[in-house]
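**Q** Below are the sequence and a predicted model; questions follow.
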Amino acid sequence: MTHPPDDAQAPMDRLALRAALQARHARQGGAPQGDLSLCPEIDAALPGGGLPRAALHDVLGAESAPSAEFAALLLARAAGPVGGSVLWVTDGAAPMGLARFGLMPRELVLVRAERLADALWAMEEGLGGGVAGAVLQIADDPGPAALRRLQQAAGAGSALGLLLRADDAGSESGAVTRWRVGGGTAGLGDPRWRLELLRCRGGRPGQWDVVWRAAAEQLEVEESELEVLPVRHRGRVRQGCTMR
């Protein structure tokens, strides 16, 4: 998703987007509160026992589909059971199949921003305006000043901010957590990912092989054999938590 020079692209209708976000915020009556639970094993590595809301998070992936799937799952949790709004800002094609991960079309505000300046503005507006969750799908480095504004907006609006970037994004964003997502949907089976928590402020890094059980709306960690158990009891252990 390489951005041509800003002057070669069509500007965004910022007034229209701001009005749409304000209308959504008025209807939903504010965003849900509290950290986001993923499943017990991952929650134990996160500060406060869940993914902090009102914060910015990096989601990296060598391929865009797995990281987008994981982002959709997080945004669905940010929207909450009452179905708050979330904002997805991208300069590329609209993400597909997000409902499988709990993110319903009625909850999603999709913004196509051809200019990086407009994409950053939309993300900041969504976060600071109290939208339940917001994600920015980018390739370019926004720069430290823009990242600081996004962090401040997430804190002010109590919103979950996700920066969805390529795996080789080298610059640190100052995000509270930094994830790498591999794997993804294979055929018609349950999606499986390898989640790596590369950095976590106030928590500890880790790595988990997980499966998303869409029918049960549950994320499960698939653990390898446990050496501490007798041979007759060894086997795969799966634990999960209901996502809604």
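**A** Done, it's in.
**Q** Distance check, the residue nearest to the spatial centre of the chain against D13.
**A** Closest residue to the average C-alpha location of the chain: A71 at 3.1 Å, with C-alpha atoms, centre = their mean. Here the criterion is C-beta to C-beta, to the nearest Å. By it, A71 lies 25 Å from D13. For the C-beta atoms, the positions are set from N, CA and C on the backbone; glycine is no exception.
**Q** again, but for D190
**A** Distance from D190 to D13, by C-beta to C-beta: 40 Å.
**Q** With neighbour numbers in mind, choose between the two.
**A** The neighbour count for D190 versus D13, taken as other C-beta atoms under 10 Å, is higher for D190 (14 against 11).
**Q** How about the backbone phi and psi for the more buried one?
**A** Backbone torsions for D190, taken as degrees, to the nearest 10, come to phi -70, psi 130.
**Q** Find the nearest non-adjacent residue to it, please.
**A** Counting by C-beta to C-beta, 6 or more residues apart in numbering, the nearest residue to D190 once its immediate chain neighbours are dropped is V211, at 5.1 Å.
**Q** Same check on L38?
**A** L219 (5.7 Å).
**Q** Sticking with that neighbour, tell me its helix or strand.
**A** For L219, the host element (DSSP states H and E) is strand 218-223.
**Q** Average pLDDT for that strand, rounded please.
**A** Averaging pLDDT along strand 218-223 gives 90.
**Q** Equivalent analysis for stretch 98-109, please.
**A** On average, stretch 98-109 scores 86.
**Q** contact partners of stretch 195-204?
**A** With contact meaning C-beta atoms under 8 Å, 6 or more residues apart in numbering, stretch 195-204 is reached by 42, 45-48, 60, 70, 175-182, 205-210.
**Q** Which members of those occur in helices, if any?
**A** When DSSP state H is applied, the contacts of stretch 195-204 are split such that I42, F70 fall in helices.
**Q** mind listing what P191 touches?
**A** P66, E69, R100, F101, G183, G184, T185, V211, W212, A214.
**Q** Cheers, nothing more for now.
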